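Student: sharing a sequence plus its predicted fold:
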Amino acid sequence: MNPPSISNSLCRKIVNTAAAPSAIGPYNQAVQVDRTLYISGQLGMSTNGCLVEGGVLAEAEKALENMGHILAAAGGGYKDVIKTTVLMKDINQFSQVNNIYGKFFKDHQPARAAFQVGALPKGGNVEIEAVALIGAVDVGSVFINNGIL
């Protein structure tokens with residue numbers, strides 16, 4: 001039996017940019033398959049590889065800025081993000097992180113999960129990963145009211 005393979009019509013592209021910190025392990029900042037971009041978890045690091053000072057709020061802001069640089073390198077923006085995962089060292093800081101997060105996702109809020117974790121690389125307080133659909137057409141929102149579509 002032959003293993004499954006990616007269709008010849010799909011393209012796999014590695015996305016890395018000098019505008020965001022380099023990966024701190026054997027992985028890439030992002031991988032794009034067709035129009036779907038998978039962004040590796042971003043810590044609040046500057047391009048020199050050090051965590052920014054200022055705690056969880058500064059780290060969350062920097063992580064999201066780094067995500068923006070990676071999105072731009074792939075030809076997209078925050079509006080293209082369809083799902084994020086937020087990992088926090090202390091879930092009690094969720095509201096503060098949420099306020100920073102809301103500055104980046106004003107008109108288009110992606111699906112999201114948030115978790116407390118035991119530890120993050122480099123002693124970080126927050127890490128944010130994302131999935132984006134580059135070039136997606138925004139057709140608005142669907143709301144269900146009283147079970148009627």
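Tutor: Arrived safely. Numbering: from 1, shown residues only.
Student: OK, contacts around Arg35?
Tutor: 133-136 (CB atoms under 8 Å, 6 or more residues apart in numbering). Just so you know, the C-beta spots here come from the backbone N, C-alpha and C atoms, and that holds for glycine as well.
Student: likewise Asp107?
Tutor: Residues near Asp107 by CB under 8 Å, 6+ apart: Lys79.
Student: avg pLDDT for stretch 31-47?
Tutor: Mean per-residue pLDDT for stretch 31-47: 96.
Student: so, low pLDDT: which residues of this structure?
Tutor: The model of the chain has pLDDT under 70 over residues 1, 3-9, 137-149.
Student: centroid-nearest residue for the chain?
Tutor: Centroid-nearest residue in the chain, with CA atoms, centre = their mean: Ala130, separated by 2.8 Å.
Student: so what secondary structure elements neighbour the host helix or strand of it?
Tutor: Ala130 is part of strand 126-133 when elements are defined by DSSP states H and E. Where contact means 3 or more CB pairs under 8 Å, 6 or more residues apart in numbering; DSSP states H and E, strand 126-133 is packed against strand 36-43, helix 55-73, strand 81-88.
Student: tell me which of those sits nearest to Phe115.
Tutor: Minimum separation from Phe115 across those (CB to CB) falls at strand 81-88, 5.6 Å.
Student: which residues sit against the following helix or strand past that closest one?
Tutor: As assigned by DSSP H and E, the chain's next helix or strand after strand 81-88 is helix 94-104. By CB under 8 Å, 6+ apart, the residues outside helix 94-104 that reach it are 56-57, 60-61, 64, 67-68, 78, 86, 88, 114, 126.
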